[in-house]
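Novice: Fold the stuff below for me.
(one chain, ligands or ions: 2)
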Amino acid sequence: MGEDGRVSLWRAPRAVSPIEASVTLPGSKSITNRALILAALADGPSTVRGALRSRDTDLMIGALRTLGATITERDGGTTLDVTPGPLRGGEVHCGLAGTVMRFVPPVAALADGTVRFDGDEQARVRPMSTVLDALRALGAEIDGDRLPCTVHGRGAVRGGSVTIDASASSQFVSGLLLSGAAFDEGVTVRHSGEPVPSMPHIEMTVEMLRAAGVVVDTSEPDTWRVPPSTIRAVDVTVEPDLSNATPFLAAAAVTGGTVSVPLWPESTTQAGDAIRGILERMGAEVSWADGVLTVRGPQKLTGIDVDLHDVGELTPTVAALAALADSPSSLRGIAHLRGHETDRLAALATEIVRLGGAVTETADGLEIEPAPLHGGIWHSYADHRMATAGAIVGLVVDGIEVEDIGTTAKTLPGFEELWLSFLSGRSS
Ligand SMILES: O=C(O)C1=C[C@@H](OP(=O)(O)O)[C@@H](O)[C@H](O)C1
Ligand SMILES: C=C(OP(=O)(O)O)C(=O)O
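Specialist: Residues are numbered from 1 along each chain as shown. Ligands and ions are numbered 1, 2, ... in the order given. The predicted structure follows:
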């Protein structure tokens, strides 16, 4: 929606030749928001360098300031100095950020005061009861099962053991673990149910807790044990957001060009790293040397049969690639995407079919057949990754107009300008 309330349409740039470019991405949303939570609970001042500044991370900064942390900015806002303060009540706006909705309530339960949570209309239907019920079982008092809801903080949380069904989102586990060391008895989270999605994101949580001196016992499957302890202040540098890199790498794949992304970590828990294997299987050449990832697109993009359960946030990019491939694709293991920013399976199927594509929505994924696409409006559903998926399609299909491209500000403000300078080979 534009400022005047009308739907805004962005004419997606068409690639006139193979894209040859290099692009540097800002920091990871997932690492930035975890670092901020841990810093707000730490035993002293922390510094977060290379932080992502976007709607989701600004909402996290706002939430933690409300609860009592002092957060100051340097280096154009990408270095954040965080000094924890006594936790208190207030109003927290979650926007559409899963990390704010699921990571902040456990912090609020530790506050001395009442914390009211609300968010965007679409956030009010995102699953949240699992983390709220778990907090109740651990001794917190909470009204509500989704946004809006209220946490009546009492300055401490008993903690202990809780069994949850985290099959709808890994963020339920991460949220409880991030604050768990500050609970009187720590926390033991056991998962019971269908497999937990997005496991690398839980590994990211565990790795960052350990870096802050917190013990996390992961010796039993589907069980995470965090004994009570102080959370050490840290000086952390955030990796670039590899999931946000995927539309840029996809541009090489669909145009037969060459795209490089510097500062690509040699090893990482970020889901975005899985794009390397995915693009290779679709026919691209992928190489990594001296911290630079390079993708060289194929003559013909092949379809892929892939289980994206662990890396669901890559689905919009992979679906756009699949819609442009010359053989069928099957994207599986991603039923939980119905609880993301929007029902991503329905949204992707609707938008690709609208352009002439052949997509069948299954219970846990998408079947995509090759079909010639034509121009038209690509709706974004307030979902940053839907918007960037439309930009990928627009590279090779004439007349694609992406509705509400500004929604990319959730994790990548300035996407339009970055995309344009990238396409002209001007980006860094
Ligand atoms: O913890 C995180 O930072 C995230 C976990 C994942 O959530 P789900 O487990 O709900 O898929 C991922 O999709 C989301 O983009 C970020
Ligand atoms: C699922 C996503 O976000 P959130 O952190 O809001 O869950 C995402 O970025 O793809």
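Novice: Specify the beta-bridge partners of residue 46.
Specialist: Residue 46 has these beta-bridge partners by DSSP bridges: residue 82.
Novice: Pull up the residues of the stretch 251-400 of the chain that are close to ligand 2.
Specialist: For the stretch 251-400 of the chain, the contact set with ligand 2 under C-beta under 6 Å from any ligand atom comprises 313, 340-341, 385. Backbone N, C-alpha and C define where each C-beta goes, glycine included.
Novice: Angles on the backbone of residue 248, please.
Specialist: phi -70, psi -40 (degrees, to the nearest 10).
Novice: So for it, what's the pLDDT?
Specialist: pLDDT, residue 248: 98.
Novice: wait, what's in contact with residue 69?
Specialist: 39-40, 82-85 (C-beta atoms under 8 Å, 6 or more residues apart in numbering).
Novice: could the residues you listed go into CSV alongside distance to residue 46?
Specialist: Formatted as CSV, the contacts of residue 69 follow (distance: C-beta to C-beta, whole Å):
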residue, distance to residue 46
39, 4
40, 9
82, 5
83, 8
84, 8
85, 13
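Novice: Please name the spatially closest residue to residue 415 (chain neighbours excluded).
Specialist: residue 408 (3.8 Å; C-beta to C-beta, 6 or more residues apart in numbering).
Novice: Look at that neighbour and say how many residues are nearby.
Specialist: If you count neighbours by other C-beta atoms under 10 Å, residue 408 ends up with 28.
Novice: Please apply the same query to residue 118.
Specialist: 16.
Novice: And the spatially closest residue to it that is not a sequence neighbour, how far from ligand 1?
Specialist: Nearest residue to residue 118, sequence neighbours excluded (C-beta to C-beta, 6+ apart): residue 148, at 4.1 Å. Applying C-beta to the nearest ligand atom, to the nearest Å, the value for residue 148 to ligand 1 is 20 Å.
Novice: Could you do residue 89 as well?
Specialist: 25 Å.
Novice: The host helix or strand of that residue near ligand 2 at all?
Specialist: According to DSSP states H and E, residue 89 maps onto strand 88-93. No - using C-beta under 6 Å from any ligand atom, strand 88-93 stays clear of ligand 2, coming no nearer than 13.7 Å.
Novice: Now do the contacts for the nearest residue to residue 339 once chain neighbours are set aside.
Specialist: Spatial nearest neighbour of residue 339, excluding adjacent residues (C-beta to C-beta, 6+ apart): residue 127 at 4.8 Å. Residue 127 is in contact with 146, 168-169, 339, counting by C-beta under 8 Å, 6+ apart.
Novice: Next one: residue 127 from residue 172, what distance?
Specialist: Distance, residue 127 to residue 172, using C-beta to C-beta, to the nearest Å: 8 Å.
Novice: circling back: neighbour-wise, which one of the residues of the stretch 251-400 of the chain next to ligand 2 leads?
Specialist: Ranked by neighbour count (other C-beta under 10 Å), these have residue 385 at the top, with 32 neighbours.
Novice: tell me the SS of the spatially closest residue to it that is not a sequence neighbour?
Specialist: Nearest in space to residue 385, with sequence neighbours left out and distances taken as C-beta to C-beta, 6+ apart, is residue 316 at 3.9 Å. Following DSSP: H, G, I helix; E, B strand; the rest coil, the label given to residue 316 is helix.
Novice: how close does residue 316 get to residue 344?
Specialist: From residue 316 to residue 344 the distance is 6 Å (C-beta to C-beta).
Novice: Turn the contacts of residue 127 into JSON lines, including neighbour count.
Specialist: Shown next, in JSON lines, are the contacts of residue 127 (neighbours: other C-beta atoms under 10 Å):
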{"residue": "146", "neighbour count": "16"}
{"residue": "168", "neighbour count": "20"}
{"residue": "169", "neighbour count": "25"}
{"residue": "339", "neighbour count": "17"}
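Novice: So which of those residues belong to helices?
Specialist: Using DSSP state H to define helices, no part of the contacts of residue 127 is located there.
Novice: Residue 51 contacts residue 239, correct?
Specialist: No - in this structure residue 51 lies outside contact range of residue 239 using C-beta atoms under 8 Å: 11.2 Å.
Novice: mind listing the strands in the stretch 301-428 of the chain by residue range?
Specialist: Assigned by DSSP state E, counting those that start in this stretch, the stretch 301-428 of the chain shows strands spanning 305-307, 329-332, 358-362, 365-369, 376-378, 400-403.
Novice: what's near enough to touch the residue in the stretch 201-350 of the chain that ligand 2 sits nearest to?
Specialist: Scanning the stretch 201-350 of the chain for proximity to ligand 2 using C-beta to the nearest ligand atom identifies residue 313 as nearest, at 3.6 Å. Applying C-beta under 8 Å, 6+ apart to residue 313 gives the contacts 198, 243, 271-272, 340, 385.
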